[in-house]
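# Sequence first, then the predicted structure:
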Amino acid sequence: MSGLELNRITKRFGAVAAVDDVSLTVPQGTFVCLLGPSGCGKTTLLRMIAGLEEPTSGVISVDGNRLNSTPAHKRDFGMVFQSLALFPHLSVGENIAYPLRIRGRSSSEQGARVKELLELVHLPGIEQRAITQLSGGQRQRVAIARALAVSPKLFLLDEPLSALDAKLREAMQVELRQLQQQLGITTIVVTHDQREAMSMSDQIVVMSEGRIQQMAAPIDMYRNPANSFVADFLGQANLIDAKADGPDALVPGGRIPGLSLVGSGGRISVRPEEVMVTSREDAPIHARVGFIRDMGASIEIHLDSEGAHYVVVASPQARPDCRVGDTVGLTIPAEACVVFESGRG
Amino acid sequence: MRRTPPERAADYFPIAYPAFMLGLFFVVPFAIMVAVSFFRRVQGGFYEPAFTFANYGRFLSVFFGEVLVFSLVLAGLVSAVCLLLGVPFTYFLTKLSRKAQVFWLVALLGVLSLSEVIIGFAWSTLLSRTAGLSNLLVAIGVMDRPDAWTPGFAAVLTGLVYQAFPYTVLVLYPSFSRLDPSLMEASRTLGASPLKAFSTVVLPVLRKTLIATFIIVFIFALGAYLLPQILGRPQHWTLSVLITDQAVYQSNMPFAAAMAVFLVVASLSLVVIVAALNRKGAGQ
């Protein structure tokens, strides 16, 4: 098949398995984010794909060709490093031309390609500048241009936007995604930023402790997290222990009508924006407001009930009338709940 | 720390102490040496104040010219060999575990603690026909019979490289250990083999350090006066040996001073030329 295929990849450093039995298929032309907390093995996995680390076991193949014993410089992949790794002794143009020079392309071909790439990353005409004269965002684009210089089969990025400030990072996320779609290049990005993963990728792969927790399209993963780790890591989640009670589920402070659970109960996840605050006396759940964070575009309300913690995110239009210390009613729609360690009845 | 340039005399206070020490122990002795180089030697005595260029005149001969060229070539060779050995050594050293790095650095510092005399006699034994390394080669059948490798040019070079190698590594080490390893990795993912990545990225990025190390080892080797005498023949004696000979054994201070001044001027101008070439190269 075309694209990247990882088959049962394991990487051990001494007794520690940094990557533990990972299998993954990335079809040609898709944008995949490896998402997880630091130390989850996502960078090690990317480095094995690039050829900078060798897997302890398992097979890496691209378009059906086994790559394990191909050294990094013969894989023809483009990689952007977290530190960007721009060569300080070379100018912008020389940095981008470096992979072409290594491959012995003529200087006129190098010049034309550098010009084309700088236009692609919206930085025309800065060939002569020194790396030290560039801003963070410009360096980012030059590193991307250099990695794309030989039209690689695979575009790998390791935390590429982590050095940029929040605003620039959001703009670059959009730009990187547009660039990827324009070129149709298979792209794998490592990130610990779930917003970044949500806004750029076709598929998100959430990793924890060297293992894949879930692989899905961003919105599917957000709506249907496979386990409580994914629910908690990708966006905010209310993770609540629930008990079965006939057609309803019992939760701290009340019940969720219409959510019937198999067996004695389990853990449920519900997104903060799905929970509604009401002042009605007959609300199914009651909780005490502990903290209100008003961020203008949204209002986050933290509540406590019988030792459990609820988070509600409301829009300013639906501004709930409550203060810290008030006891209010909560409604959790049964259809918004994802149930783990059990099933729906 | 102050970030503004000094304005009043009191602002220079922090550098007063280093300036004083430098003046007392470097500028003053050097000035005395320059002065002595113009003095006149008193046969059977010491010297008397005068202003004569005779000492410099005597120096302008084919013999001393050859010695000067030999000294510069030898120092240049020592620097080159030290860099050729030291650069890969230091590069791989920085890839080792912290513990192994400390071990090697301590071992190199150990070599520095040896006296030049001990190093000289140790090498002269190691390279001798009767007890040297060639006996080992005979024992394993590589050579037919033991050979004397000292005195000779190769022995002088070996001794000086051995002595200068720890300095080379210690000067290279900080830059090599600070070098971002992802530069090398980036070069690899961009299509360069390990050797190509090393020569197109690591060496150019560390060019300033390499040149600085070359100059330091060069000047160090230029000042060597014991090893050429222990491990070399008279034709392998450097200008430093002749200066020592004139000052200590011939009691001709003015002539020794003139040669020393000349050596300082010659090595300083070389340093200036190299630094200028470096700037020109960097400006491209």
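That came through fine. Residues are numbered from 1 along each chain as shown, chains lettered A, B, ... in the order given.
# show me the contacts for B:L108.
Residues near B:L108 by CB atoms under 8 Å, 6 or more residues apart in numbering or on different chains: B:F165, B:P166, B:V169, B:L170. Bear in mind the C-beta positions are built from the backbone N, C-alpha and C, glycine included.
# give the contact list for the first one.
Just to be clear, that refers to B:F165. Counting by CB under 8 Å, 6+ apart, B:F165 makes contact with B:C82, B:L85, B:G86, B:L108, B:V111.
# And the helix or strand it falls within, what's buried?
Assigned by DSSP states H and E, B:F165 belongs to helix B:153-178. Within helix B:153-178, the residues that qualify as buried are B:153, B:155-173, B:175-176, counting by 16 or more other CB atoms under 10 Å in any protein chain shown.
# now stretch A:118-135
By 16+ other CB under 10 Å, the buried positions in stretch A:118-135 come out as A:L118, A:L120, A:V121, A:L123, A:E127, A:I131, A:L134.
# And stretch A:226-241, by the same measure?
Result for stretch A:226-241 [16+ other CB under 10 Å]: buried residues A:226-231, A:233-235, A:237-240.
# Check the gap between B:G191 and A:G111 for me.
From B:G191 across to A:G111, the span is 18 Å (CB to CB, to the nearest Å).
# ah, wrong one, I meant B:F39
In terms of CB to CB, B:F39 sits 65 Å off from A:G111.
# do A:M295 as well
Per CB to CB, A:M295 is found 49 Å from A:G111.
# Likewise for A:L154?
Going from A:L154 to A:G111 by CB to CB gives 26 Å.
# and A:E175, what pLDDT?
pLDDT recorded at A:E175 is 90.
# which ones are touching it?
A:H122.
# counting contacts, what elements does the strand or helix carrying B:P228 pack onto?
Secondary structure from DSSP H and E places B:P228 in helix B:227-231. In terms of contacts (3 or more CB pairs under 8 Å, 6 or more residues apart in numbering or on different chains; DSSP states H and E), helix B:227-231 is packed against helix B:116-126, helix B:153-178, helix B:239-244.
# and if we set it to 10 Å?
helix B:62-93, helix B:116-126, helix B:153-178, helix B:239-244 (3 or more CB pairs under 10 Å, 6 or more residues apart in numbering or on different chains; DSSP states H and E).
# got the CA positions of it in PDB?
Extracted in PDB, the C-alpha atoms of helix B:227-231 (Å, rounded to 0.1, in the frame of the first residue of the first chain):
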ATOM      1  CA  LEU B 227      61.800  18.200  24.200                       C
ATOM      2  CA  PRO B 228      63.700  19.200  21.100                       C
ATOM      3  CA  GLN B 229      66.900  18.800  23.000                       C
ATOM      4  CA  ILE B 230      66.000  15.500  24.600                       C
ATOM      5  CA  LEU B 231      64.400  13.900  21.600                       C
END
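# quick one: low-confidence ranges for the chain?
No chain specified, so I'll use chain A. A:1, A:342-345 (pLDDT under 70).
# wrong one, chain B
Under the criterion pLDDT under 70, the flagged ranges of chain B are B:1-2, B:280-284.
# Tell me the residues of it that contact chain A?
B:180-194, B:196-197, B:200-201, B:203-208, B:282, B:284 (CB under 10 Å from any CB of the partner chain).
# Quick check: ChimeraX command selecting the buried ones in those residues.
The buried residues among the residues of chain B next to chain A can be selected in ChimeraX (16+ other CB under 10 Å) with this line:
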select /B:182,183,184,185,186,187,188,189,190,191,192,197,200,201,205,206
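# Give me the subset of the residues of chain B next to chain A lying in helices.
Of the positions in those, B:181-189, B:194, B:196-197, B:203-205, B:207-208, B:282 sit in helices, assigned by DSSP state H.
# Of the buried residues of stretch A:118-135, which is the nearest to B:V142?
A:I131 (51.3 Å; CB to CB).
# Identify the residues contacting the closest residue to that closest one other than its chain neighbours.
Nearest non-adjacent residue to A:I131, counting by CB to CB, 6 or more residues apart in numbering or on different chains: A:L86, 4.9 Å away. Each residue near A:L86 by CB atoms under 10 Å, 6 or more residues apart in numbering or on different chains is listed here: A:92, A:95-96, A:98, A:131-132, A:134, A:139-140, A:142-143, A:146, B:183, B:186.
# For the closest residue to chain B within the stretch 101-250 of chain A, list the residues it contacts.
Closest contact between the stretch 101-250 of chain A and chain B, by CB to the nearest CB, is at A:I102 (4.5 Å). Applying CB under 10 Å, 6+ apart, we find A:I102 in contact with A:H73, A:V150, B:S187, B:L190, B:G191, B:A192, B:S193, B:K196, B:A197, B:T200.
# Quick one: residues contacting the nearest residue to B:A197 once chain neighbours are set aside.
In space, and not counting its chain neighbours, B:A197 is closest to B:S187: 3.7 Å by CB to CB, 6+ apart. The neighbours of B:S187, taking CB under 10 Å, 6+ apart as the test, are A:72-73, A:85, A:87, A:98-99, A:102, B:193-194, B:196-202.
# what does the stretch 51-200 of chain A have sitting close to chain B?
Within the stretch 51-200 of chain A, the positions adjacent to chain B are A:51-52, A:71-91, A:95, A:98-103, A:143, A:146-147, A:149-150, A:152, A:156, A:158 by CB under 10 Å from any CB.
# So which of the residues you listed sit within strands?
For these, the ones inside strands are A:G78, A:M79, A:V80, A:L156, A:D158, with DSSP state E as the criterion.
# what sits against the second one?
Applying CB under 10 Å, 6+ apart, we find A:M79 in contact with A:46-47, A:49-52, A:72, A:85, A:143, A:146-147, A:152, A:154-158, A:160, A:188, B:182, B:185-186, B:188-190.
# 7 Å instead?
Residues in contact with A:M79 (CB atoms under 7 Å, 6 or more residues apart in numbering or on different chains) are A:A50, A:A147, A:L156, B:T189.
# bridging residues for it?
A:M79 has these beta-bridge partners by DSSP bridges: A:L156.
# how close does it get to B:A31?
Remark: distance between A:M79 and B:A31 (CB to CB) = 59 Å.
# And the first one, by the same measure?
To B:A31, A:G78 is 62 Å away according to CB to CB.
# now do A:R105
60 Å.
# Between those two, tell me which one has more neighbours.
A:R105 (17 against 11; other CB atoms under 10 Å in any protein chain shown).
# No more questions from me, cheers.
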